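1. build the 3D model from these lines:
(one chain, ligands or ions: 1)
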Amino acid sequence: MYSRIIGTGSYLPARVVTNAELESKVRTNDQWIVARTGIRERRIAGDHETTSDLAVAAAKAAIAKSGIAPEEIDLLIVATSTPDVIFPSTACIVQDKLGLHGFPAFDLQAVCAGFVYALATADQFLRAGGAKCALVIGAEVFSRILDWQDRSTCVLFGDGAGAVILKRSPEPGIIQTRLKADGRYRNILTTPGYISNGQIVGHPFLKMEGSAVFKFAVKALADLATETLELAGLTQSHLQWLVPHQANIRIIESTAKHLGLDMERVVVTVDKHGNTSAASIPLALDSAAEQGKFSSGDLILLEGIGGGFTWGAVLLRW
Ligand code: ACO
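-> This is a model prediction of the structure:
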């Protein structure tokens, strides 16, 4: 048995923050941001909008588009690094808000690689017979962990959520998954503060060594793409689409070049969404699906990379 994506959904907060608006807050400019990252605007959640709110909206859209009854869901994974609270998990909150209960629901934290980690995990459950129908969500409010005085990070991120319904299927579906981590690089991208005795100890906001992250990401994603295709007994010439993590257009272009893939075959949403961490791949997937880009049987590579460092790929047939 395999698992197959039968529906996608997404949700973006209403508030659009353009580069021009950021120019009024920090010493930056539209030209710098567009040239270095490809980002033109991002969405920012309202003060009372939580990760679970975004996740529920995306989940409802995915459920509606897949045509399943919500009661068919028997596994729920939320990939997030910005949970509503320390515990219970955002997945349990989402489960309750959807009016569902009684099946496993848990969060998975692999930062920007979170969605591919969650999808690969759900795939294992479905193949092994541990579940029949999974709701897999990537949802984040990174705006809450940004230092809005730090121009080197605050221009890069946005909020949002994307979701897929993954169902057991005799036909693939997902044909290969590959996950990686290397904790030696944990300090180049981190939100190092922690709570002790009711206080945040250490730096409470996201910190990043931009050029170190850039170098690591370019090499890791290129190697992983080749490795994943090889493991599946395929080559880059078989690939129809790349749906990469949307952090930076230059990293995306570099992966596409490595794969010999024309940019027309790469789903790009970073210009409109910024980096939404675990939400970026399912948001991009839903946006492309909505535009009717994918045809049945297309070979699609999803690739994510994030803090940890963690990175991973999912190769699937649409
Ligand atoms: N606006 C204007 N100037 C800026 C800004 C800004 N928003 N941010 C930094 N600068 C300045 C710096 O202060 C520096 O000025 P200086 O030369 O006077 O000291 C100059 O621009 C160059 O700074 P660098 O950090 O060297 O710029 P770089 O070319 O490396 O670009 C960037 C920075 C875009 C962050 C790049 O390193 C990058 O893309 N890294 C990958 C990071 C990434 O994608 N992170 C996402 C999270 S991780 C993930 O999802 C994989």
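
2. from now on I want contacts and neighbour counts done on CA atoms only, so please keep to that.
-> Noted.

3. any idea what residue 241 is bridged to?
-> Per DSSP bridges, residues listed as beta-bridge partners of residue 241: residue 300.

4. name the nearest residue to residue 41, ignoring sequence neighbours.
-> Leaving aside its sequence neighbours, residue 41 sits nearest to residue 18 (C-alpha to C-alpha, 6 or more residues apart in numbering; 4.2 Å).

5. and that neighbour, how many neighbours?
-> The number of residues packed near residue 18 is 16, by other C-alpha atoms under 10 Å.

6. enumerate every residue touching it.
-> Counting by C-alpha atoms under 8 Å, 6 or more residues apart in numbering, residue 18 makes contact with 40, 41, 42.

7. in CSV: those, plus pLDDT, neighbour count and secondary structure.
-> CSV is the format used below for the contacts of residue 18 (pLDDT from 0 to 100; neighbours: other C-alpha atoms under 10 Å; DSSP: H, G, I helix; E, B strand; the rest coil):
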residue, pLDDT, neighbour count, secondary structure
40, 98, 21, coil
41, 98, 25, strand
42, 98, 25, strand
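
8. closest one of the residues you listed to residue 13?
-> residue 42 (9.4 Å; C-alpha to C-alpha).

9. list the contacts for the residue lying closest to that closest one once chain neighbours are set aside?
-> Excluding its sequence neighbours, the residue lying closest to residue 42 (C-alpha to C-alpha, 6+ apart) is residue 273, at 4.5 Å. With contact set as C-alpha under 8 Å, 6+ apart, residue 273 has these partners: 39, 41, 42, 43, 157, 158, 159, 280.

10. out of those residues, which is most surrounded?
-> Going by other C-alpha under 10 Å, residue 280 tops the contacts of residue 273 with 33 neighbours.

11. gap between it and the ligand?
-> Distance, residue 280 to the ligand, by C-alpha to the nearest ligand atom, to the nearest Å: 9 Å.

12. got phi/psi on that residue?
-> phi -70, psi -40 (degrees, to the nearest 10).

13. is it correct that it is in contact with residue 243?
-> No - using C-alpha atoms under 8 Å as the test, residue 280 is too far from residue 243 to be in contact (9.5 Å).

14. so residue 118 touches residue 79, yeah?
-> Yes - at 6.2 Å, residue 118 counts as touching residue 79 under the criterion of C-alpha under 8 Å.

15. mutual contacts of those two, please.
-> Going by C-alpha under 8 Å, 6+ apart, residues that sit against residue 118 and also against residue 79 are 108, 136, 137.

16. any idea of the pLDDT on the nearest residue to the last one once chain neighbours are set aside?
-> By the measure of C-alpha to C-alpha, 6+ apart, the closest residue to residue 137 outside its immediate chain neighbours is residue 163, 4.2 Å from it. pLDDT, residue 163: 99.

17. contact partners for residue 163?
-> Counted by C-alpha under 8 Å, 6+ apart, residue 163 has contacts 8-10, 55, 58-59, 62, 135-138, 282-283.

18. for the strand or helix carrying it, the distance to its chain's centre please.
-> Here residue 163 sits within strand 159-169, counting by DSSP states H and E. In terms of C-alpha atoms, centre = their mean, to the nearest Å, the centre of strand 159-169 is found 11 Å from the chain centre.

19. now the element after it, going C-ward?
-> strand 174-181.

20. what lines up beside the following helix or strand past that next one in the sheet?
-> Next helix or strand after strand 174-181 toward the C-terminus (DSSP H and E): strand 189-190. Within its sheet, strand 189-190 is paired with strand 207-208 (antiparallel), according to DSSP bridges.

21. give me the contacts around the partner strand.
-> Residues contacting strand 207-208 (C-alpha under 8 Å, 6+ apart): 153, 188, 189, 190, 191, 192.

22. make a PyMOL selection of the buried ones in those residues.
-> Only the buried members of those enter the following PyMOL selection, criterion being 16 or more other C-alpha atoms under 10 Å:
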select buried, resi 153+188+189+190+191
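
23. okay if I get the contacts of strand 207-208 as CSV plus distance to residue 318 and pLDDT?
-> Shown next, in CSV, are the contacts of strand 207-208 (distance: C-alpha to C-alpha, whole Å; pLDDT from 0 to 100):
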residue, distance to residue 318, pLDDT
153, 35, 98
188, 35, 98
189, 33, 98
190, 34, 98
191, 36, 97
192, 39, 96
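
24. could I get the buried residue list for stretch 136-154?
-> Buried, per 16+ other C-alpha under 10 Å, within stretch 136-154: 136-144, 146-148, 151-154.
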